[in-house]
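**Student:** Take this sequence and fold it.
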Amino acid sequence: MAITRGITVLLLLGSAGLASGQAPPYDLVLRGGRVVDGAGGPWYRADVAITGDVIARIAPSITEPATRVIDLGGLVVAPGFIDIHSHARRGIFDVPTAENDVRMGVTTVIEGPDGSSPVPLGPFLARLETLAKSVNIGSMIGQGSVREAVMGNVDRRASPSELEQMKALVDQGMRDGAFGLSSGLFYVPGRFTPTEEVIDLARVAARGGGIYISHMRDEAAGIVDSVKETIAIGEQGGLPTQLTHHKIIGRGNWGRSDGTLRLVDEARARGVDATIDQYPYTASSTSIQAALFPAWAQEGKRADVLERLRDAATRARIKAESVRLIREERGGGDARNIVLALCEWDAGLAGKSLAEVARLRGMETSIENAAEAALWIVEQGGCQAVFHAISEDDVERILKHPATMIATDGEVPIFGQGSPHPRSYGTFARVLGVYVRERHLLSLEEAVRKMTSFAAQRLSLGDRGLLKAGMKADISVFDPASVRDRATFDRPHQYAEGFSLVIVNGQVVFENGAMTPARPGRVLYGPGTRSRRAS
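**Tutor:** Numbers count the residues shown, from 1 in each chain. Here you go, the predicted model:
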């Protein structure tokens, strides 16, 4: 018998069945836990039995023999968390354990957000099938990637033949296994796309049973119009629509979540299936070029961007817009709010603010000089950065809205490399520790619903997201009194705490504070592929 963090592990509990050589009816029984089943109802005490990759039974007391019994001592037993917006493609092949996710209870990640995915999608999913991994993974098909594959990175309308090619690629993506269409209308070439074109592609995804999920065109001054556009695409495209990583950027725009949430409520009242996801932090993360360059300056290839920067007049126009964006939007009025996360050409810049980079280049601290530093960074090869320009009041207002689910917008980082956004390590644990236990913004049961069944319903994952007999055995076990995120903006490479056990497809992948050798993660396929296979 071994006791670890309040969990008592009993191996091969005896019975007449075992003595006679018969296999025990259950592979694993989790005994004495507080079941938070993901549906949102009150927790209850029960045992959970697993056979193979399926939850076989949930009952007040399960006494039948099992290959293994784990006594949980009153810890919370919940469905494995589902990260509906993940950039796991960045790192999953380097770190197939996805330890940052598993250690905060995540058992499923959905890739291909913000309009960016492999095109075609099939070979990527086939490669994932061969990867021994600890988590389940699925993908969206990205509108921006589809547009670039057909048209390149150009600012113009698609011709009728180009639109047909894009529709065919979306259709193929849905057949390959996508869960829906993602867009990044903030990014190029998505930014160059008329709304009507996105609607046409959304209709294709709708035929395959998919959803539409969007990094909206503008999360700052134009946030209200962007929410209206996202709702219109879902409404006219005939499919569920989601505002992804919903936030309000720029001090002058703080408080506008009142209006954006009202738009969602109004849409739902007239029958539009509009929902939201969010990470619980007051900073965003993207590339310096995407955040601080005007869209027109990013058209074409990298050589085109560099040519514009070499022309004095054009460079001045780009810089002027960068100054505005630092002052009014992503910079929150202070270049110290922009902190480099990863520069592949100079690892030493990670963790330094844009103001510090300007000083390193011999310039005095000012927004104008910070903009000049941003242009220099793009010339060198670009960097990812973290942008502190979000209000905690907006974060909390969005988080407690009933149509909001939880997502990291994170990646699978290589531990210790760069200075990434702490959301990759802490999102789900932060909700449980800060917003449930400390601030009482959400009940435990509602928070778990936002992390599990809500996302599963959104993705039409009928066999995950709930603790219920017959469902897949993706399970997280944690102590609600000690669960917490440890990752900070200054020290992001810190794993979450408070999780004792994580099970994926019936196999224990995390226990006793460490990953196990098990790699039971699977590629999950969208409704279009599943229905075709069933028929």
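
**Student:** residues of the longest strand along the chain that come out buried?
**Tutor:** Ranked by residue count, the top strand of the chain under DSSP state E comes out as strand 26-35. The neighbour-count check on strand 26-35 (16 or more other Cβ atoms under 10 Å) flags 26-35 as buried. In short, each C-beta sits where N, CA and C put it, glycine included.

**Student:** Next, format those residues as TSV and append distance to Val106.
**Tutor:** Formatted as TSV, the buried residues of strand 26-35 follow (distance: Cβ to Cβ, whole Å):
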residue	distance to Val106
Tyr26	25
Asp27	23
Leu28	20
Val29	24
Leu30	19
Arg31	24
Gly32	24
Gly33	19
Arg34	20
Val35	19
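
**Student:** Sketch out the low-pLDDT regions of the protein for me.
**Tutor:** Filtered on pLDDT under 70, the chain yields the residue ranges 1-21, 530-535.

**Student:** Tell me which residues are up against the longest strand of the chain.
**Tutor:** Around strand 26-35, the neighbours that count as contacts under Cβ atoms under 8 Å, 6 or more residues apart in numbering are 43-52, 56-58, 62, 64-78, 467, 475, 477, 501, 503, 506, 508.

**Student:** strand partners of it, parallel vs antiparallel please.
**Tutor:** Sheet pairing of strand 26-35 (DSSP bridges) gives strand 44-51 (antiparallel), strand 66-71 (parallel), strand 76-79 (parallel).

**Student:** Just the CA coordinates for the last one, please, in PDB.
**Tutor:** Written as PDB, here are the backbone C-alpha positions of strand 76-79 (Å, rounded to 0.1, in the frame of the first residue of the first chain):
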ATOM      1  CA  VAL A  76     -12.600  16.000  -6.500                       C
ATOM      2  CA  VAL A  77     -13.100  13.700  -9.400                       C
ATOM      3  CA  ALA A  78     -14.000  15.500 -12.600                       C
ATOM      4  CA  PRO A  79     -14.000  14.900 -16.400                       C
END
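
**Student:** what's the offset of the helix or strand that that strand is followed by from the middle of its chain?
**Tutor:** Downstream of strand 76-79, the first helix or strand assigned by DSSP states H and E is strand 81-83. Centroid separation between strand 81-83 and its chain, computed with Cα atoms, centre = their mean, to the nearest Å, is 8 Å.

**Student:** And the next helix or strand past strand 81-83?
**Tutor:** Once strand 81-83 ends, the next helix or strand along the chain (criterion: DSSP H and E) is helix 99-102.

**Student:** Run a quick neighbour tally on the closest residue to Gly498 other than its chain neighbours.
**Tutor:** Of all residues not flanking Gly498 in the chain, Val483 sits nearest, at 3.0 Å (Cβ to Cβ, 6 or more residues apart in numbering). Burial measure for Val483: 24 neighbouring residues, criterion other Cβ atoms under 10 Å.

**Student:** now swap in Thr427 and tell me
**Tutor:** Count around Thr427 with other Cβ under 10 Å applied: 29.

**Student:** which SS class is the closest residue to it other than its chain neighbours?
**Tutor:** The shortest distance from Thr427 to any non-neighbouring residue, by Cβ to Cβ, 6+ apart, is to Thr408 (4.3 Å). Here Thr408 is recorded as coil under DSSP: H, G, I helix; E, B strand; the rest coil.

**Student:** give the contact list for Leu342.
**Tutor:** Residues counted as contacts of Leu342 (Cβ under 8 Å, 6+ apart) are 350, 383-384, 417-420.

**Student:** quick one, phi/psi of it?
**Tutor:** For Leu342, the backbone dihedrals are phi -160, psi 120 (criterion: degrees, to the nearest 10).

**Student:** which one is it nearest to, not counting chain neighbours?
**Tutor:** Here the residue nearest Leu342, using Cβ to Cβ, 6+ apart, is Gly418, at 3.6 Å.

**Student:** So that neighbour sits against Gly348, correct?
**Tutor:** No: counting by Cβ atoms under 8 Å, no contact exists between Gly418 and Gly348, whose distance comes to 10.8 Å.

**Student:** The two: which has the busier surroundings?
**Tutor:** Taking neighbours as other Cβ under 10 Å, Gly418 and Gly348 compare with Gly418 leading, 19 against 9.

**Student:** Can you mark which positions in stretch 281-289 are buried?
**Tutor:** Result for stretch 281-289 [16+ other Cβ under 10 Å]: buried residues 281, 283-289.

**Student:** Let me know the closest of those residues to Arg430.
**Tutor:** Tyr281 (7.7 Å; Cβ to Cβ).

**Student:** ok, the residue nearest to the closest one when sequence neighbours are not counted - how many residues close by?
**Tutor:** Excluding its sequence neighbours, the residue lying closest to Tyr281 (Cβ to Cβ, 6+ apart) is Arg423, at 5.6 Å. Arg423 has 26 neighbours, counted by other Cβ under 10 Å.

**Student:** Check the one 3 residues further on too.
**Tutor:** Applying other Cβ under 10 Å, we find 30 other residues in the vicinity of Gly426.
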